[in-house]
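*Asks:* Next comes the sequence, and after it the predicted model I'd like to discuss.
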Amino acid sequence: MTRAETEHFSVLKANGRTFWLASFLLDRSTADAAARLYQFCRVLDDIADAGERAESSAAERLAAIRSHFLGQEDRALPLSSEDLVLAQLVQPLNVDPRIIVALIDGLLWDLEHEPFTSEAQLLRYSYRVAGTVGVLMSGLLGCERNEGRYHAIDLGIGMQLTNISRDVLEDAGMERRYVPVAVDVASLADARPSEDMQNALVTVIALSEKHYDSGIKGIRYLPRLVRPCVYLMAVLYRAISRKIARNTYAWQRGRTTLSWFEIALRIFVSLPMCLSLTVLPGFKNGEMKHHAGLHDALSGLPGVNE
């Protein structure tokens, strides 16, 4: 079966344009594993977004999948055949079930969403729904050192902060507000200009920059041949944040995206660094010291630097 014929690559192409483009820099088996993980996370996210279904609620489905990964199947919450297939999608990847559970906890948190009021809430949520994916993906890509996985968490958080900054108006339409700011969600949904929101986005994007810096610094903990893929994902996602900043944090205009020209330009400009990353030696554990302060708000969560 070719790459184009597999369901997980189709899901990746349809929903993760940045990752799909970067995945062409991976060998087939690594790209397949990464696409499987992406599809798994995408379907979990879709379950959370779907809300109530005829056969069960989103919360019940996620709770059943959570129990499965804890090895604590609950007869009151049986895993459906559909969700068993979903769980089996990542079974060959030997992922850490604690990280999957933390991811599902983030999605369950979303279902009972209360607008965030602190940076710590924002960071803990971003860890659960994206930092977890970063650490899982780093393992699939061959990162064997804890320091490298700390940096992977930071890259995932940075990318989630970009998503949150990009989707303020769209999230408000679903009665959600992730940016910690004292602005009514209804007024955001109506796209009423808000200087407070603009100022808050300045803070969130500055926070994302710190996490991108850390994530990119840790790329050399990965095997040489997969480094360009991760670097390009970081560059392209970071470019969205920086475009938001260039557009004066005008969240009320809706989602900020990169044009195909902007993507091509950034890929072209990144080629020298991509080539350098394939020849530079890898870091030994502790050689690139992770800034533990970036994980102060993440205390007690699995896999973080405490």
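*Replies:* Nice, I can see it. These numbers were taken from a predicted model, which means no experiment stands behind them.
*Asks:* which residues touch the closest residue to Tyr237 other than its chain neighbours?
*Replies:* Counting by C-beta to C-beta, 6 or more residues apart in numbering, Met159 is the residue found nearest to Tyr237 once chain neighbours are left out, at 4.7 Å. Where you see a C-beta, it was placed from the backbone N, CA and C, and this is true even at glycine. Met159 makes contacts with 130, 134, 233-234, 237, as judged by C-beta atoms under 8 Å, 6 or more residues apart in numbering.
*Asks:* need the helices for the stretch 1-150 of the chain, in chain order.
*Replies:* 7-15, 17-22, 28-50, 58-70, 81-89, 97-111, 119-126, 132-140, 146-166 (DSSP state H, counting those that start in this stretch).
*Asks:* got a list of what Asp110 touches?
*Replies:* 48, 129, 176.
*Asks:* how about the residues you listed in JSON lines, adding distance to Leu77?
*Replies:* Output for these, formatted as JSON lines (distance: C-beta to C-beta, whole Å):
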{"residue": "Ala48", "distance to Leu77": "16"}
{"residue": "Val129", "distance to Leu77": "22"}
{"residue": "Arg176", "distance to Leu77": "25"}
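*Asks:* most surrounded residue in the residues you listed?
*Replies:* Counting neighbours by other C-beta atoms under 10 Å, Val129 comes out on top of the contacts of Asp110 with 25 neighbours.
*Asks:* What is the neighbour count of the spatially closest residue to it that is not a sequence neighbour?
*Replies:* Spatially, and ignoring its direct neighbours in sequence, Val129 is nearest to Gly106 (4.0 Å; C-beta to C-beta, 6+ apart). For Gly106, the count of nearby residues is 21 (other C-beta under 10 Å).
*Asks:* try Asp167
*Replies:* 18.
*Asks:* That one touches Arg255, doesn't it?
*Replies:* Yes. Here Asp167 reaches Arg255: they are 6.1 Å apart, a contact under C-beta atoms under 8 Å.
*Asks:* any idea how far Ala191 is from Met197?
*Replies:* 11 Å (C-beta to C-beta, to the nearest Å).
*Asks:* swap that for Ala48, sorry
*Replies:* Distance, Ala48 to Met197, using C-beta to C-beta: 24 Å.
*Asks:* Residues touching the helix or strand containing Met197, excluding its own?
*Replies:* Per DSSP states H and E: Met197 is located in helix 195-217. The contact list for helix 195-217, computed with C-beta under 8 Å, 6+ apart, reads 119, 122-123, 134, 150-152, 154-158, 161-162, 164-165, 168, 179-183, 188, 231, 234, 237-238, 241, 244-245, 248-251, 288, 290-291, 294.
*Asks:* Mark which of the residues you listed are buried, thanks.
*Replies:* 122-123, 134, 150-152, 154-158, 161-162, 164-165, 168, 179-181, 183, 188, 231, 234, 237-238, 241, 244-245, 249, 251, 288, 290, 294 (16 or more other C-beta atoms under 10 Å).
*Asks:* By mean pLDDT, flag the weakest helix or strand of this protein.
*Replies:* Least confident element among the helices and strands of the chain, by mean pLDDT, DSSP states H and E: helix 7-15 (a mean of 55).
*Asks:* count of residues packed around Thr117?
*Replies:* 12.
*Asks:* That one contacts Tyr178, correct?
*Replies:* No. Checked against C-beta under 8 Å, the pair Thr117 and Tyr178 is beyond contact range at 11.0 Å.
*Asks:* if I pick Glu287, what's in contact with it?
*Replies:* Taking C-beta under 8 Å, 6+ apart, we find Glu287 in contact with Glu147.
*Asks:* in which helix or strand would I find it?
*Replies:* Under DSSP H and E, no helix or strand contains Glu287.
*Asks:* Give me the pLDDT value at it.
*Replies:* Glu287 carries a pLDDT value of 72.
*Asks:* Same check on Leu140?
*Replies:* 88.
*Asks:* same deal with the one 3 residues further on?
*Replies:* According to the prediction, Cys143 has pLDDT 90.
*Asks:* I figured it was touching Ile219, is that so?
*Replies:* No. Taking contacts as C-beta under 8 Å, Cys143 lies outside contact range of Ile219: 9.6 Å.
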